[in-house]
Structure formats: C-alpha cells, structure tokens
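Q: fold the stuff below for me.
(one chain, ligands or ions: 1)
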Amino acid sequence: MKHNLILLLLFGLYACSQSDLSMQLQKASWIDLSHEYDSNTVYWPTNVKFRHDTVFCGINSQNYFYASFKYSAEEHGGTHFDAPLHFHQGGESIEKIGMERLHGPAVVVDVTEHASQSRDYLVGKTDLENWEKIHGRIPDGAVILLRTGWGKFYHDHLKYTGTLKTGVDGVRELHFPGLDPQAAKWIAENRKVVAIGIDTPSIDNGQSTEFLTHRILCASGITAYENIARLDEVPEKGAYIVAFPMKIKGGSGAPLRIAAILP
Ligand SMILES: [Zn+2]
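A: A predicted model of the protein is given here:
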C-alpha cells in the first residue's frame, strides 16, 4: 500500500514536470535563425546554386489543386551544419550525431565592433575570455554563437562575401570574419561545447587557405553552423539553441533549421 502511494506520488511529480516543460516551451519566444533557401542563397564561389524546380503546380486532370517540386543543393550553403567528417578523415557524418549534440545553452560572443573595423577579423581567445568575465564560465554542452554583425549583409552578396566572382577567382576575393584557430584550439582543449556557429559564410575567415579552425573543430567532434540569421536578436546569455540538420546519411554537411528559444 505504502509502496503504491510512493509510485503514485512519483508519477504525479513526473506528470507535473512534463506539463511544466510544455508550458514553458509554449510560452517561450522562438527566433528562427535560418535563412530561406532560394536562388539567392549564399554558396561558396565554387559551388552550384540551390535549385527548386516545379514538378507540378496547379489544377490537375481530376480537378483538384496539387503542388510538388524538386530541389537540389550543395551541402555547404545557406544556413547549414558542418559535421566532423567535413575536415576530418573518419569523422562522424551527419546521421551519426546524436540528438544530445543538436541543442544547448547559447553563448553569444559579440564582436560586432571589431568586425566593423576589419572584415577579416578573427574572433580570438580574448573575446571568449571577455564573455566569461561578464557571464561566467562557458557551460558544458554550450552552443557558442559568434555575432560578427555580418548577418545583416546576407542579402547584399558583395558586402557579405567580399566578391561577386565565382570559381577560384571568387575564392581569392572572399573577405568576412571568422574564428581564430588558436581560439578554436583553446575551446576544444578547455571547454566542452557541442557546436560553434557564426553569422558569416564560414567558421574560418574569408582569407583562410588552410581552414585550420574547421580542421581543429572537426578533429575534436565539435560541429559548426554557418550563415546564421538574426543573431542580433539573441542575448549574450539565457537563450537555448536547437539545431536540426537534414539527416543525410554519410553527409559532411546539410541545410540547417536552427532556432533560439527565449524564456
Ligand atoms: Zn560548411
């Protein structure tokens, strides 16, 4: 009898905490941090643009409306996810990354001021230390988001990437901020984060030729998000990030739907 009572109490507590969670999530504001995919989506100068073609759209022979399209896309364009396989032989591909590594508390490191003075700015260890001085140690399981202020230029391709050229000529002219490899190394060795995101086309800055930050993060199993939207609306601390990439088996990257949840 006593045993049953304890079970009942435990179940009650469980049910209560469940409804608390759904209430909190329903009340929270959700910020969509993904850009749309269309013909203007930002891709690497050597990549093929996003395609979305009509299979059928209209009133069909049976007299009802029907719409269906087909799309094709490179893995690494628009708001997207980098899996460890991207720059690390034997690294995990997308489908191998467990759900527990697709969300976490947001740590937004704002370097807008520095980036406005240098389009090749590298977010350094000092920037991360400055965040910690104000907000405390970067929590385990965090998603670090680097706010360079570049996101607002996304629809101005020249300003956002530094070039309108395609191919290798375009690659040479890329200019946008990224993460300093030394800072990436420091994070990988000293903090336990699940991902690092940025509001530019790449986690390495535009002038990088060796992609050391990618290589360090991928070798450490830290995933990356690139071309993030609306980072200016996410506070430096207090938001929670959920980031779900398309589950491409064997994929090195994929389109990403990412949201910040604000309590
Ligand atoms: Zn990528």
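Q: in the protein, which residue sits nearest the ion?
A: Shortest the chain-to-the ion distance, computed as C-beta to the ion: residue-wise this is His76, at 3.6 Å. Yep, even glycine has a C-beta here, placed from its N, CA and C like the rest.
Q: neighbours of the closest residue to that residue other than its chain neighbours, how many?
A: Excluding the flanking residues, the one nearest His76 by C-beta to C-beta, 6 or more residues apart in numbering is Gly253, at 4.6 Å. The number of residues packed near Gly253 is 23, by other C-beta atoms under 10 Å.
Q: would you list the phi and psi of Ile94?
A: Note on Ile94: its backbone torsions stand at phi -50, psi -50 [degrees, to the nearest 10].
Q: near the closest residue to Gly77 other than its chain neighbours, how many other residues are there?
A: Nearest residue to Gly77 in three dimensions, chain neighbours excluded: Tyr43, at 3.8 Å (C-beta to C-beta, 6+ apart). For Tyr43, the tally of surrounding residues (other C-beta under 10 Å) stands at 19.
Q: could you check the distance from Tyr43 over to His135?
A: 35 Å (C-beta to C-beta, to the nearest Å).
Q: so what's Asp38 up against?
A: 50, 52 (C-beta atoms under 8 Å, 6 or more residues apart in numbering).
Q: what is the mean pLDDT for stretch 97-113?
A: Mean pLDDT, computed over stretch 97-113, is 98.
Q: the strands in this structure, which residues?
A: 29-32, 51-59, 65-72, 80-82, 103-110, 122-123, 142-147, 178-179, 193-198, 223-226, 237-245, 253-262 (DSSP state E).
Q: in TSV, list the ones you listed along with distance to Ser116.
A: As requested, the strands of the chain are exported to TSV (distance: least, C-beta to C-beta, whole Å):
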stretch	distance to Ser116
strand 29-32	23
strand 51-59	34
strand 65-72	35
strand 80-82	25
strand 103-110	11
strand 122-123	14
strand 142-147	12
strand 178-179	15
strand 193-198	16
strand 223-226	20
strand 237-245	22
strand 253-262	23
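Q: specify the beta-bridge partners of Ile31.
A: Beta-bridge pairing of Ile31 under DSSP bridges involves Ala260.
Q: kindly report the same for Phe56.
A: Ser68.
Q: so it sits right up against Tyr66, yeah?
A: Yes: if you go by C-beta atoms under 8 Å, Phe56 and Tyr66 touch, sitting 5.9 Å apart.
Q: which of these two has more neighbours?
A: Taking other C-beta under 10 Å, Phe56 and Tyr66 do not tie; Tyr66 has more neighbours (12 against 9).
Q: wait, what's in contact with the more buried one?
A: Here Tyr66 is in contact with 56-60 (C-beta under 8 Å, 6+ apart).
Q: out of those residues, which one sits closest to Ile198?
A: Lowest distance from Ile198 to the contacts of Tyr66 (C-beta to C-beta) belongs to Cys57, with 35.9 Å.
Q: and the most centrally placed residue in the chain, what pLDDT?
A: Closest residue to the average C-alpha location of the chain: Tyr225 at 2.7 Å, with C-alpha atoms, centre = their mean. Note on Tyr225: pLDDT of 98.
Q: what of the one 4 residues further on?
A: Predicted confidence (pLDDT) for Ala229: 98.
Q: ok, now which ones touch the nearest residue to it once chain neighbours are set aside?
A: Among residues not flanking Ala229 along the chain, His35 sits closest, at 4.8 Å (C-beta to C-beta, 6+ apart). His35 is in contact with 41-42, 78-79, 154, 227, 229, counting by C-beta under 8 Å, 6+ apart.
Q: compute the first-to-last residue distance for stretch 106-121.
A: 22 Å (C-alpha to C-alpha, to the nearest Å).
Q: next: stretch 162-178.
A: 14 Å.
Q: likewise stretch 157-170?
A: One end of stretch 157-170 sits 12 Å from the other (C-alpha to C-alpha).
Q: buried stuff in that stretch?
A: 160-163, 170 (16 or more other C-beta atoms under 10 Å).
Q: quick one: which of the residues you listed sit in helices?
A: 160-161, 170 (DSSP state H).
Q: neighbours around the closest residue to Trp150 other than its chain neighbours, how many?
A: Distances taken as C-beta to C-beta, 6+ apart put Thr200 closest to Trp150, at 4.6 Å, once the chain neighbours are dropped. With neighbours defined by other C-beta under 10 Å, the count for Thr200 comes to 30.
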